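Asker: Whatever this is, show me its structure:
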Amino acid sequence: MGAPRRNIELKAFDPDPERSLAVVLGLGARDRGVIRQRDTYFKVTSGRLKLREEEPGGASLIQYDRVDDNRARESRYRLVHVEDPRALCAALEASLGLLAVVEKERHLLLWQNVRIHLDQVKDLGSFLELEGVATADSDLALELERVSRLTEALEVVPERILRSSYSDQVIGSDALVEAARNVMACAHAPYSSYRVGAALRADDGSIHVGANVENAAYPQGQCAEASAIGALVAAGRKRITEVAVISDGPKPCVPCGGCRQRLREFMDLDAEVHMCSPSGARKTTTLGRLLPHSFGPEFL
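Answerer: All right, here's what the predicted structure looks like:
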């Protein structure tokens, strides 16, 4: 298998698409017109996998790995041309499960080796995306410099930068809560009859789940959050960006003190924790509010 392709990417909300177009044209970008795209994302345990159908153009299966961050970052990806997108979509949905569908109109411009995308995304709004396409032997310094130059010219402030993919924006936290609800049914809780499910979103957008596992020797039991963290680490991820926890009790489930510290090992204090109940009640807070004055890896 050949090495994946690479680029430097930055995606941001765009409050003024007309201004953005004028700025990049003023820099000498070449206008390649508007493309209509439909991206179907599938559930995978690592990275992201989507089937892209374009008009004009054809269809491609795209697998990519990119850490979610509020700055320009490296993306590694593979593209496979698809002759029969409907058949492939049906097969992947049956075997992996459908995650989300994103439809957009993409105005494509090229500036040096940077692809500039001015996107109108259905149900989400206006965005701009910069992709500095790298050669196989590049150390990515040139691509980062050019993307940074465009970022400055477009006056993209950190608050506008989108950490995750369009698919994450479409599904929001509901998919995370649903994943926690589904795994709760698998809990092993014969002694307390209190089942808990936890779902963690990793920094590549993947979701990892765990349920509580009780033991007749009480201290040997394991909380749902601990089970989910084990699954996340086993999948090769090290960062958590969002959490959902649910139990079959009448009130939203609150992580215990031990699990708050477990999450602290892998999670920023401003990341969200959704505490849920089967009735639909939900309380959302941050890890920092759940664990004030905390001790983390940075203190070692």
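Asker: domain parsing for this protein?
Answerer: 5-170, 172-299 (automatic domain parsing).
Asker: Take these and lay them out in CSV including mean neighbour count and mean pLDDT.
Answerer: All C-beta atoms are positioned from the backbone trio N, CA, C, and that covers glycine. CSV is the format used below for these (neighbours: other CB atoms under 10 Å; pLDDT from 0 to 100):
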stretch, mean neighbour count, mean pLDDT
domain 5-170, 17, 93
domain 172-299, 18, 93
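Asker: ok, now which ones touch the residue most central in space within the chain?
Answerer: Taking CA atoms, centre = their mean, the centroid of the chain lies closest to residue 205, which sits 2.7 Å from it. Going by CB atoms under 8 Å, 6 or more residues apart in numbering, residue 205 touches 47-48, 68, 164-165, 167-168.
Asker: Which of these sits closest to residue 296?
Answerer: Distance to residue 296 across the contacts of residue 205 (CB to CB) is lowest for residue 68, with 19.5 Å.
Asker: and the residue nearest to the centre of the chain, that's in a strand?
Answerer: No - going by DSSP: H, G, I helix; E, B strand; the rest coil, the assignment for residue 205 is coil, not a strand.
Asker: what separates it from residue 230, distance-wise?
Answerer: 19 Å (CB to CB, to the nearest Å).
Asker: now do residue 13
Answerer: Counting by CB to CB - residue 13 and residue 230 are separated by 35 Å.
Asker: for residue 53, same thing?
Answerer: Residue 53 is 37 Å from residue 230, by CB to CB.
Asker: swap in residue 182?
Answerer: Per CB to CB, residue 182 is found 18 Å from residue 230.
Asker: try residue 78
Answerer: Remark: distance between residue 78 and residue 230 (CB to CB) = 28 Å.
Asker: quick one, helices of the stretch 151-300 of the chain?
Answerer: 166-171, 174-184, 224-234, 257-264, 287-290 (DSSP state H, counting those that start in this stretch).
Asker: Would you format the ones you listed as CSV with distance to residue 197 included?
Answerer: As requested, those are arranged in CSV below (distance: least, CB to CB, whole Å):
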stretch, distance to residue 197
helix 166-171, 18
helix 174-184, 3
helix 224-234, 6
helix 257-264, 13
helix 287-290, 18
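Asker: Quick one: closest of those helices to residue 196.
Answerer: helix 224-234 (4.0 Å).
Asker: Centre of the chain to that closest one, how far?
Answerer: 18 Å (CA atoms, centre = their mean, to the nearest Å).
Asker: Which elements pack onto that helix?
Answerer: helix 174-184, strand 196-202, strand 207-211, strand 240-247, helix 257-264 (3 or more CB pairs under 8 Å, 6 or more residues apart in numbering; DSSP states H and E).
Asker: What does residue 46 show for phi and psi?
Answerer: Phi and psi for residue 46, reported as degrees, to the nearest 10, are phi -150, psi 140.
Asker: wait, what's in contact with it?
Answerer: Residue 46 touches 65, 204, 206, 235-237, counting by CB under 8 Å, 6+ apart.
Asker: Same question for residue 211.
Answerer: Residue 211 neighbours (CB under 8 Å, 6+ apart): 183-184, 186-188, 195-198, 224, 227.
Asker: Specify which member of these is nearest to residue 299.
Answerer: residue 198 (25.3 Å).
Asker: do you know how far that closest one is from residue 20?
Answerer: 40 Å.
Asker: likewise residue 200?
Answerer: On the measure of CB to CB, residue 200 and residue 20 end up 35 Å apart.
Asker: what do you get for residue 222?
Answerer: Distance from residue 222 to residue 20, by CB to CB: 49 Å.
Asker: likewise residue 195?
Answerer: 49 Å.
Asker: Show me where this structure has its strands.
Answerer: Ranges of strands within the chain are 5-13, 30-42, 48-55, 59-66, 73-82, 98-111, 114-121, 125-133, 196-202, 207-211, 240-247, 267-276, 282-286, based on DSSP state E.
Asker: For the third one, which outside residues touch it?
Answerer: With contact meaning CB under 8 Å, 6+ apart, strand 48-55 is reached by 35-42, 59-66, 82, 85, 88-89, 92, 96, 165, 167, 204-206.
Asker: quick check: angle from that strand to strand 98-111?
Answerer: 60 degrees (axes from the mean of the first three to the mean of the last three CA atoms, to 10 degrees).
Asker: Given strand 48-55, what are its sheet partners and their directions?
Answerer: strand 30-42 (antiparallel), strand 59-66 (antiparallel) (DSSP bridges).
Asker: try the last one
Answerer: Under the criterion DSSP bridges, strand 282-286 sits next to strand 267-276 (antiparallel) in its sheet.
Asker: Thanks again, I'm all set now.
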